[in-house]
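**Student:** I'd like to go over a predicted model; first the sequence, then the structure.
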Amino acid sequence: MLSLNQMAEAARALNPPLFADLPGDLAVSFEFFPPKSEAMERSLWEAVETLSPLGPRFFSVTYGAGGSTRERTHGLVARIVAETPVPAAAHLTCVNATADELDAIADAYWAAGVRHIVALRGDPPGGESRFTPIPGGHASAADLVKALKKRHDFEISVSCYPEVHPEAASPQADLDALKAKHDAGASRAISQFFFEPDSFFRFRDSVAAAGLDVELVPGILPVTNFANLKRMAASCNTHVPGWMAHLFEALDDKPAARQLVAATVAAELSRRLYAGGVRHFHFYTLNRAELSYAICHLLGVRPAQQVQP
């Protein structure tokens, strides 16, 4: 008699290919961070030009609280608006900025043609364990969303946490925070990265049960460095399954093999999310196009000129 595992493997052997005949009926978006050098800027722009033909809903650019990083963010966002057909979404946080300063930054984005903001509270500044607003600053992402909507008619995305924000007192408190952001004017919530589809599905069910009519978009992070990933995951309360550690074992000095494994893991996660009804994926690119492009290709997304009538 076959064991349950043997029967499952036998059934898997007869299944059609995981990515066979996907119609590409989904939307994608991509996130970048501001480059710190001219060489990094060239590399980033190559990624933008590689991914742009896929027709993403938007390119988002992260934001730092420091002055030079703010300027790099603004410069990159303005260039995307000016030189690509893809809408740009600028990140904005409450960290180390007064409400008046954030109003001025929002005005500058609006003047540059930016119509989409990713509004975040932001991580505590270095060395601090919890976020504390500066005098005259916003205390929460919901406050920032409200101020932005009052200032201009921005489309606003916010963050959400399938495995609960590390500072949230409870899952319900985390849902309450998302509701506050939605009530303030946010229309979309982009999730923190995760690696098990059930984490997202359970969260989606909780949001629906709470009566929140907000678009939930899973954030997909292809793994480029497993040691760095574990540190990032620990800081944001993301569970890294044991099977992932096994898959990436002994690949630190084999970048090509590691990239293939990373693409496989992220593509399978995306495929399972697709099977569960997800039709918009947000990729944390780390300013590299290859992995995200490959995953999109497996999901059936093609450059516009290659789409068959």
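**Tutor:** Now that the structure is in, tell me what you want to look at.

**Student:** every contact and neighbour count from this point should use C-alpha atoms.
**Tutor:** Noted.

**Student:** name the single longest helix found in the chain.
**Tutor:** In the chain, taking DSSP state H as the definition, the longest helix is helix 255-275.

**Student:** what packs against that helix?
**Tutor:** On a contact count with 3 or more Cα pairs under 8 Å, 6 or more residues apart in numbering; DSSP states H and E, helix 255-275 meets helix 197-209, helix 242-248, helix 290-298.

**Student:** helices of this protein, start to end?
**Tutor:** 4-14, 38-51, 67-83, 99-111, 141-151, 171-184, 197-209, 226-235, 242-248, 255-275, 290-298.

**Student:** and the angle for the fifth one with helix 171-184?
**Tutor:** I take that to be helix 141-151. 10 degrees (axes from the mean of the first three to the mean of the last three Cα atoms, to 10 degrees).

**Student:** what's around the nearest residue to Val217 once chain neighbours are set aside, how many residues?
**Tutor:** Nearest residue to Val217 in three dimensions, chain neighbours excluded: Ile190, at 4.7 Å (Cα to Cα, 6 or more residues apart in numbering). Using other Cα atoms under 10 Å, Ile190 has 20 other residues around it.

**Student:** highest average neighbour count across the helices and strands packed on helix 255-275?
**Tutor:** helix 290-298 (a mean of 20; mean count of other Cα atoms under 10 Å).

**Student:** who touches it?
**Tutor:** With contact meaning Cα atoms under 8 Å, 6 or more residues apart in numbering, helix 290-298 is reached by 19, 28, 47, 50-51, 222, 259, 262-263, 266-267, 283, 285, 302.

**Student:** would you put the C-alpha positions of it in CSV?
**Tutor:** What follows is helix 290-298, C-alpha atoms only, in CSV (Å, rounded to 0.1, in the frame of the first residue of the first chain):
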residue,chain,number,x,y,z
GLU,A,290,16.6,39.7,-13.9
LEU,A,291,14.8,37.8,-11.2
SER,A,292,11.6,39.9,-11.3
TYR,A,293,11.6,39.7,-15.1
ALA,A,294,12.0,35.9,-15.1
ILE,A,295,9.2,35.5,-12.6
CYS,A,296,6.9,37.7,-14.6
HIS,A,297,7.7,35.7,-17.7
LEU,A,298,6.8,32.4,-16.0
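
**Student:** of the helices of the chain, which is nearest Ser129?
**Tutor:** helix 226-235 (10.8 Å; Cα to Cα).

**Student:** so can I have TSV of the helices and strands packed on helix 255-275 showing mean pLDDT and distance to Thr132?
**Tutor:** Putting the helices and strands packed on helix 255-275 into TSV (pLDDT from 0 to 100; distance: least, Cα to Cα, whole Å) gives the following:
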stretch	mean pLDDT	distance to Thr132
helix 197-209	97	27
helix 242-248	94	35
helix 290-298	95	35
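
**Student:** Tyr161: which of those helices is closest?
**Tutor:** The minimum distance between Tyr161 and those falls on helix 197-209, with 8.1 Å, by Cα to Cα.

**Student:** how many neighbouring residues does Ala106 have?
**Tutor:** Residues contacting Ala106 under the criterion other Cα under 10 Å number 22.

**Student:** no no, Ala111
**Tutor:** Neighbours of Ala111 (other Cα under 10 Å): 11.

**Student:** any idea how far it is from Lys179?
**Tutor:** 30 Å (Cα to Cα, to the nearest Å).

**Student:** can you check Arg151 too?
**Tutor:** 21 Å.

**Student:** who's more crowded, those two?
**Tutor:** Lys179 (20 against 14).

**Student:** so that one sits against Leu212, correct?
**Tutor:** Yes: in this structure Lys179 lies within contact range of Leu212 using Cα atoms under 8 Å: 6.8 Å.

**Student:** work out the gap between stretch 202-214 and the centre of the chain.
**Tutor:** 19 Å (Cα atoms, centre = their mean, to the nearest Å).

**Student:** please apply the same query to stretch 118-132.
**Tutor:** Distance, centroid of stretch 118-132 to centroid of chain: 18 Å (Cα atoms, centre = their mean).
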